[in-house]
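S.K.: from the sequence below, what's the structure:
(2 chains, ligands or ions: 2)
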Amino acid sequence: MDFKVVDEIIDKYKDPSGRILGILEDIQDTYNYLPKEVMVYVSKKLNVPLSSLYSVATFYSFFNLEPVGEHLISVCMGTACHVKGAPELLESLKHLLGIDVNEVTDDGKFVLTTTDRKFSLSSARCFGCCSMAPVIRIDDRIYGYVKIKDLPAILKEYGWKEK
Amino acid sequence: MGRRVKVTIDGKVFSAEEGESLLAVALRNGIDIPHLCYEECLEPYGSCRLCIVEVVEGFKKGITTSCTLGCVDGLKVLTNTPEIEKHRKVLFELYLAQAPNSEKLKKLAEKFGVYSTRFKEKNLKNDPLNGKCVMCGLCVRVCNDVLGVGAINFIGRGYRATVNVPYFEESDVCKGCKACVEVCPVDAIDYSDVGDKRVMISWSNTKVDLIKCSVCGRYFSPLPVFGSVSKKLSEYGVVCDVCPDCRKRLIAKNMTSSGGYNSYA
Ligand code: FES
Ligand code: FES
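M.R.: Ligands and ions are numbered 1, 2, ... in the order given. A predicted model of the protein is given here:
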């Protein structure tokens, strides 16, 4: 692993107070998750215990500790979306993407990635746009009032092909 | 030392240092206020809420946590009003649901008249702390703030939040000092000394070498702790590689034979 990129990221943050979040965010932008070697490297370089970094990384649902696919799909499971049929959306997304594992990791989070690493599917809690429930987010884009029959068209925008 | 002030707890007057934690004053004087997140060597944290008292005369009246309540002259508090008991009961019940397997917590709750919980007991599989942790944060703070080791920290958040070593993998910074075990108010952290190793069972079985007493051969101190302590103490000519028992014996022997102070002290 090339740590030069990481060094550059760290160098961008001069002020030691509150820089950890920024650094982790940039690292995730670069690798699309937080690789363990990089976490260990950052901890040594900043002289911050690995336990604190890990604590921050597990606190925010934004951070991924496992590699994710090119496009990250999050289905909102907040109250409003749940009532409006989010669980059914999740099921059909699993079906469309061909992910049929039903595992949830011990920490209650799950990220399911397709074998070609194109898509990752996860659930989240309330994006703050309940008025458009049910809501899904793909990368940075929010889709509201989603119906099951809309899903293939949405996925096609991201290069999904019907099997 | 700061100014001395007088505070009244349950009608009894006590002398205290201005600004000091009221809980500290109460405990020192044998008044039992339940508490989980207070520890003398750390700043008051106010997270467990169990130490609530009612301020009847003071800066701000009402119910508040006594650990974070600074003593001022004329402060008057009550520790056992019906309202406090009511709040405390709910708190205990929540803790009993959060950590259903802690015997120590059960005992504490019983002491304050709470024998069961109305809430659903937490039951996570593969919990390294066996459903005993109340998330008071004392172990994390001792390890990070007092010792500067930082082997453990909070992980995750919400219902599944817990305390452990990063990635739930054996720690390479843990010194096996057991301070976390010592401060835990609910005996949630397991360890065991087997042969020449200390195993921090709850921290993913992190293993630390122990060193032998040079007199009796018993294993008595984790090597990393011994290393840093002995470096400091040997500057003063203190012999470090003996266990506490043998040290006592050596001191006694030296005192009786030479009648004076010696290097084992
Ligand atoms: S519940 Fe889905 S956006 Fe709020
Ligand atoms: S001891 Fe005061 S809030 Fe925990």
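S.K.: tell me the first helix or strand C-terminal of the helix or strand of chain A with the lowest mean pLDDT.
M.R.: Here the helix or strand of chain A ranked lowest by mean pLDDT, DSSP states H and E is strand A:111-113, holding a mean of 75. Heading C-terminal from strand A:111-113, the first helix or strand you meet, by DSSP states H and E, is strand A:119-124.
S.K.: show me what that following strand is in contact with.
M.R.: A:61, A:68-78, A:86, A:90, A:93-94, A:97, A:99, A:109-114, A:137, A:155, A:158, A:160 (CB atoms under 8 Å, 6 or more residues apart in numbering or on different chains). (C-beta placed from N, C-alpha, C; glycine too.)
S.K.: which residues of chain A score low on pLDDT?
M.R.: A:100-110 (pLDDT under 70).
S.K.: could you pull out the helices for it?
M.R.: A:4-12, A:19-31, A:36-46, A:50-59, A:79-83, A:86-97, A:151-156 (DSSP state H).
S.K.: break the chain into its domains for me.
M.R.: All of this is about chain A. Using automatic domain parsing, the domain parsing of chain A gives A:3-59, A:71-156.
S.K.: ah, no, chain B please
M.R.: B:4-80, B:86-211, B:215-258.
S.K.: closest to A:Ser131 out of those domains?
M.R.: domain B:86-211 (24.8 Å; CB to CB).
S.K.: is the closest one anywhere near chain A?
M.R.: Yes - using CB under 8 Å from any CB of the partner chain, we find that domain B:86-211 touches chain A at B:124-126, B:144, B:149-160, B:165-167, B:171, B:173.
S.K.: from the chain's centre, how far out does the longest helix out of those in chain B sit?
M.R.: When chain B is parsed with DSSP H, its longest helix is helix B:82-98. Remark: helix B:82-98 is offset 21 Å from the chain centroid, using CA atoms, centre = their mean, to the nearest Å.
S.K.: pLDDT on it, on average?
M.R.: If you average the pLDDT over helix B:82-98, you get 97.
S.K.: now do it: which elements does it pack against?
M.R.: Here helix B:82-98 touches strand B:52-57, strand B:62-65, helix B:103-111, going by 3 or more CB pairs under 8 Å, 6 or more residues apart in numbering or on different chains; DSSP states H and E.
S.K.: between that helix and strand B:52-57, how big is the angle?
M.R.: 160 degrees (axes from the mean of the first three to the mean of the last three CA atoms, to 10 degrees).
S.K.: name the residues that touch helix B:82-98?
M.R.: So helix B:82-98 is contacted by B:34, B:36, B:48-50, B:52-54, B:63, B:78, B:105-106, B:108-109, B:112-114, B:116-122, B:133-135 (CB under 8 Å, 6+ apart).
S.K.: measure the closest residue to A:Ser92 other than its chain neighbours to chain B for me?
M.R.: In this structure, A:Ser92 finds its nearest non-sequential neighbour in A:Ile148, 5.0 Å apart by CB to CB, 6 or more residues apart in numbering or on different chains. Noted for A:Ile148: a distance of 29 Å to chain B, by CB to the nearest CB, to the nearest Å.
S.K.: returning to what we had before: show me which of the contacts of helix B:82-98 are buried.
M.R.: B:34, B:36, B:48-50, B:52-54, B:63, B:78, B:105-106, B:108-109, B:112, B:114, B:117, B:122, B:133-135 (16 or more other CB atoms under 10 Å in any protein chain shown).
S.K.: residues in contact with the residue of chain A at minimum distance from ligand 2?
M.R.: Nearest residue of chain A to ligand 2: A:Ser55, at 20.6 Å (CB to the nearest ligand atom). Applying CB under 8 Å, 6+ apart, we find A:Ser55 in contact with B:Asn153, B:Phe154, B:Ile155, B:Pro166.
S.K.: pLDDT score for the third one?
M.R.: You'll see B:Ile155 listed with a pLDDT of 95.
S.K.: contacts only, for it.
M.R.: Counted by CB under 8 Å, 6+ apart, B:Ile155 has contacts A:Tyr54, A:Ser55, A:Thr58, A:Asp107, B:Ala161, B:Thr162, B:Val163, B:Asn164, B:Pro166.
S.K.: and residue 128, how many neighbours does it have?
M.R.: Answering for chain A, as no chain was given. 9 (other CB atoms under 10 Å in any protein chain shown).
S.K.: looking at chain B here, not the other one
M.R.: B:Pro128: 18 neighbours (other CB under 10 Å).
S.K.: for B:Val5, grab phi and psi.
M.R.: phi -130, psi 170 (degrees, to the nearest 10).
S.K.: and it, how far is that from ligand 1?
M.R.: 51 Å (CB to the nearest ligand atom, to the nearest Å).
S.K.: can you check B:Val183 too?
M.R.: In terms of CB to the nearest ligand atom, B:Val183 sits 40 Å off from ligand 1.
S.K.: what sits against that residue?
M.R.: B:Glu39, B:Leu138, B:Cys139, B:Val142.
S.K.: settle this for me: the third one is touching B:Asn164, isn't it.
M.R.: I take that to be B:Cys139. No - here B:Cys139 does not reach B:Asn164: they are 10.1 Å apart, not a contact under CB atoms under 8 Å.
S.K.: overlap in contacts of those two?
M.R.: If you check B:Cys139 and B:Asn164 against CB under 8 Å, 6+ apart, the residues they both contact are B:Ile152.
S.K.: distance of the closest residue to B:Cys177 other than its chain neighbours from A:Gly128?
M.R.: Distance criterion CB to CB, 6+ apart; nearest residue to B:Cys177, sequence neighbours excluded, is B:Val225 at 4.9 Å. Relative to A:Gly128, B:Val225 is positioned 48 Å away (CB to CB, to the nearest Å).
S.K.: ok, which stretches of the stretch 51-200 of chain B are helices?
M.R.: B:82-98, B:103-111, B:138-141, B:179-183 (DSSP state H, counting those that start in this stretch).
S.K.: a markdown table for those, including distance to ligand 2?
M.R.: Conversion of these to a markdown table gives the following (distance: least, CB to the nearest ligand atom, whole Å):
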| stretch | distance to ligand 2 |
| --- | --- |
| helix B:82-98 | 10 |
| helix B:103-111 | 12 |
| helix B:138-141 | 9 |
| helix B:179-183 | 12 |
